[in-house]
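Student: any chance you could fold what I've pasted below:
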Amino acid sequence: MAMAYFKRCENDEDYAKASLFLLKHRRDLHPAYTTMDTLSLLYAYLTEGQIIVGLDELHQVNSISGFYYGTPEQDFQNKEVVFVDMVIVEQKHRGTRLFAEGLNFLVHHVLESRPEVQELSLAALSENKRLCRMYAKFVQEKYKREGALGEETVFSGEIRKIGTMLRKTNPV
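Tutor: Residues are numbered from 1 along each chain as shown. You can find the predicted model right below:
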């Protein structure tokens, strides 16, 4: 696989690249995902959350993830939880180590910038069996909730344990 690196969006250029990638790949979230849904999601990350992009050696986005400190159910007050509810990996990179490498970057970014975070939660549409199986490799199923596009399964685990596991297989 080609070299990849990850970075948190920090400026207009980063957000523009992330936005274009998300708009292009929005149907990977769900076939019914509209442009307006995508813009609403982007607005939520710009105002309440953060976006991390994976970039190839040509600085082209090949993956994206969005997360919040806190959960929507708690109005983002529970800052000891980092909540990831959007991950898209380009089709040609699925089945590679890109997801694990991106998760490794995200976990260590969070632990560096917010050491008070105790828990990592990942949400996936329950009907997306492939994504649910992948998340279950890193964290345990915690609960189900009703999301905008249907039932979601939320997986959760201790972020430091996940970081240790990822560091062994994906040195930073």
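Student: what residues are up against the spatially most central residue of the chain?
Tutor: With distances taken as Cα atoms, centre = their mean, the residue of the chain nearest its centroid is residue 65 (3.3 Å). Applying Cβ atoms under 8 Å, 6 or more residues apart in numbering to residue 65 gives the contacts 51-52, 84, 86-88, 102, 106. For the C-beta atoms, the positions are set from N, CA and C on the backbone; glycine is no exception.
Student: need the max-distance pair from those.
Tutor: 88 and 106 (13.7 Å; Cβ to Cβ).
Student: give me the more crowded residue out of those two.
Tutor: residue 106 (24 against 21; other Cβ atoms under 10 Å).
Student: how is that one assigned, secondary-structure-wise?
Tutor: Three-state assignment for residue 106 (DSSP: H, G, I helix; E, B strand; the rest coil): helix.
Student: distance check, it against residue 92.
Tutor: Applying Cβ to Cβ, to the nearest Å, the value for residue 106 to residue 92 is 21 Å.
Student: please apply the same query to residue 148.
Tutor: Distance of residue 148 to residue 92, given as Cβ to Cβ: 28 Å.
Student: what does residue 67 give?
Tutor: Residue 67 is 24 Å from residue 92, by Cβ to Cβ.
Student: the more surrounded of the two?
Tutor: Of the pair residue 67 and residue 92, residue 67 is the one with more neighbours under other Cβ under 10 Å, namely 22 against 10.
Student: okay but the more buried one is in contact with residue 87, surely?
Tutor: No - under the criterion of Cβ atoms under 8 Å, residue 67 makes no contact with residue 87, lying 9.2 Å away.
Student: now do stretch 122-133, average pLDDT.
Tutor: Confidence for stretch 122-133, expressed as mean pLDDT, is 91.
Student: actually stretch 79-87, not the one I typed
Tutor: On average, stretch 79-87 scores 94.
Student: can I get it as PDB, trimmed to CA atoms?
Tutor: Only the C-alpha atoms of stretch 79-87 are listed here, as PDB (Å, rounded to 0.1, in the frame of the first residue of the first chain):
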ATOM      1  CA  LYS A  79     -16.200  15.100  27.600                       C
ATOM      2  CA  GLU A  80     -14.500  12.000  29.000                       C
ATOM      3  CA  VAL A  81     -15.800  10.200  25.900                       C
ATOM      4  CA  VAL A  82     -14.600  10.700  22.300                       C
ATOM      5  CA  PHE A  83     -17.400   9.700  20.000                       C
ATOM      6  CA  VAL A  84     -16.700   8.700  16.300                       C
ATOM      7  CA  ASP A  85     -19.800   8.600  14.200                       C
ATOM      8  CA  MET A  86     -18.400   8.900  10.700                       C
ATOM      9  CA  VAL A  87     -15.600   7.000   8.900                       C
END
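Student: done for today, thanks.
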